[in-house]
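Colleague: I'd like to go over a predicted model; first the sequence, then the structure.
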Amino acid sequence: MISRYATPSMTAVWSDEARWGAALRVELAVLDAQAATGEVPADAVAVIRAKAKVDVARINELERTTDHDVVAFVNQLAESVGPEGRWIHHGLTSSDVVDTALALQMRDAAVLIDAGLSTLLSTIIRCAREERDTIMIGRTHGMHAEPTTMGAKMANWAFEVARARERITLAAAEAATGKISGPVGTYSQISPEIERVALAALGLRADQASTQIVQRDRHAAFVAAIAIAGGTLERIATEIRHLQRSEVDEMREPFRTGQAGSSAMPQKRNPIKSERIAGLARLLRGYAAAAMENQPLWHERDISHSSAERILLPDATSLLAFMVESLNGVIDGAEIRREQMRRNLDEGLGLHAASRLLIALIDKGAQRDAAYALVQTAAAIAREERRQLHDVCAATADITAALSGAELLALFDHRASTVHAALLVDRLSQLETRG
């Protein structure tokens, strides 16, 4: 991942040092299990634990000759240990180490993502409560519909973020799977007991029936969950972008002193962070597709998945962590323009009351199709003549014959549409009880 879109903590998870460090943890866990059963001398394992050190530069140097990174890794460890190094990788095949170490890295990445989503969720919940009763016009198809509240809108965001978090947690738990079962997964050179003990020490579940690799449906599910989470962030970012449009201007991204919106137009204040999130979400969906392509490998294994995973797993997790952090900053520092929300609501000519007017006429005995046509005609007149719908209705005999002046006026109180909106915000307490 390029540094522009990477967080330091996630970069550390996917560094070469971390990759080979995880591989060393796997080798040592296996050696400990083998020492406990007497398959490898315990004194040799003690020496290996004391002396084994990862040297990435030396691994890279050896790989230029071996053209095999795991062989280079094993040889480098043996060099760092001395004669006892011959016991390293005893009975293992490369994927025992690679896939199990990869599971450790995915788990570490998932922990960072979860922490970021937890922070984002807390920010949204706090903001939703602050805007619990902030009335604004709701929009469908980009058009004014009925009033809602900013709190209700943000509550919707919060529940979707919570679902994304749960989805990633479940997928990550499944992806935290290793295998120590040797070539083609039949324990031909290592016992199932070694696998059980070693993976338990690493806190990983064992693949119940591996081939030479851990099957890639788990990895695909993990990346798919990441991509879906990216879609959630994109949906929120897209809403913020719409709300910041000049014609709407109800919510603005933070804009710090000295920041520039355009090299040519000094007046510009663009929603660049939200736009960036939308763009990066597209990459996540592409990575999910690649992860799914990694599932159908030949027979007990090939390595067509390996090259793709070296890119997509670090990039997908890094991008999501960056996007979560970025969106949290946008929402936490956003400018909520309540007065503009009220102006936009008022400039809607009261058309938001049309559905309540329809129901009121039906309740008074009108047939639905006739009432619908009556209200639709009145709304068209209001829109074309730029008149308040209330005034048009008050001058329409078929409407005033059914509704008194007081009844008609009450229908245009925008609070009538949002009487239950606060309930959506109050439901956010459910998320806090889940942790």
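Modeller: Arrived safely, thanks for sending. None of these values were measured; they are calculated from a predicted model. Numbering: from 1, shown residues only.

Colleague: Looks like Leu319 contacts Tyr5 (just checking).
Modeller: Yes: counting by CB atoms under 8 Å, Leu319 does reach Tyr5; the two are 6.0 Å apart. Any C-beta I mention is one placed from the backbone N, CA and C, and that applies to glycine too.

Colleague: in this protein, which spans are strands?
Modeller: 135-140, 143-149, 177-178, 205-206, 251-252, 335-336 (DSSP state E).

Colleague: so which of those strands comes closest to His352?
Modeller: strand 143-149 (5.0 Å; CB to CB).

Colleague: Okay, domains of this structure per the record?
Modeller: 92-342, 351-411 (automatic domain parsing).

Colleague: what residues are up against the most centrally placed residue in the chain?
Modeller: The residue lying closest to the centre of the chain (CA atoms, centre = their mean) is Ala229, at 2.7 Å. By CB atoms under 8 Å, 6 or more residues apart in numbering, Ala229 lies in contact with Ile113, Leu117, Ala164, Arg165, Arg167, Ile168, Leu284, Leu320.

Colleague: Ok, Val40 next?
Modeller: Counted by CB under 8 Å, 6+ apart, Val40 has contacts Leu31, Gln34, Trp87, His90.

Colleague: go on, Leu112?
Modeller: Thr7, Ser9, Met10, Val13, Thr317, Ala321.

Colleague: hmm, back to that, can you tell me how far the residue nearest to the centre of the chain sits from Phe322?
Modeller: 12 Å (CB to CB, to the nearest Å).

Colleague: what does Leu121 give?
Modeller: For Leu121, the distance to Phe322 equals 17 Å [CB to CB].

Colleague: And the longest helix along the chain, what's buried?
Modeller: Counting residues, the longest helix found in the chain (DSSP state H) is helix 94-130. By neighbour count with 16 or more other CB atoms under 10 Å, helix 94-130 contains the buried residues 94-110, 112-114, 116-117, 120-121, 123-125, 127-129.

Colleague: One more: stretch 322-335?
Modeller: Buried residues in stretch 322-335 (16+ other CB under 10 Å): Phe322, Met323, Val324, Ser326, Leu327, Asn328, Val330, Ile331, Ala334.

Colleague: ok, the fourth one touching Lys273?
Modeller: Yes: judged on CB under 8 Å, Ser326 makes contact with Lys273 at a distance of 5.4 Å.

Colleague: quick revisit: let me know the closest of the buried residues of stretch 322-335 to His414.
Modeller: Once CB to CB is applied, the member of these that ends up nearest His414 is Ala334, at 23.1 Å.

Colleague: pretty sure that closest one is in contact with Phe255, am I right?
Modeller: No: using CB under 8 Å, Ala334 is not in contact with Phe255, being 10.2 Å away.

Colleague: could you measure the nearest residue to Asp249 once chain neighbours are set aside against Glu84, distance?
Modeller: The spatial neighbour of Asp249 that comes closest, neighbours along the chain excluded (CB to CB, 6 or more residues apart in numbering), is Gln340 at 5.2 Å. Gln340 sits at a distance of 72 Å from Glu84 (criterion: CB to CB).

Colleague: who's more crowded, these two?
Modeller: Glu84 (19 against 16; other CB atoms under 10 Å).

Colleague: and that one, what does it touch?
Modeller: Glu84 neighbours (CB under 8 Å, 6+ apart): Ala44, Val47, Ile48, Lys51.

Colleague: Now for the second one, how many residues are close by?
Modeller: It refers to Val47. The burial count for Val47: 17, using other CB under 10 Å.

Colleague: so what's the residue nearest to it when sequence neighbours are not counted scoring on pLDDT?
Modeller: Nearest residue to Val47 in three dimensions, chain neighbours excluded: Glu84, at 4.4 Å (CB to CB, 6+ apart). At Glu84, the model reports a pLDDT of 97.
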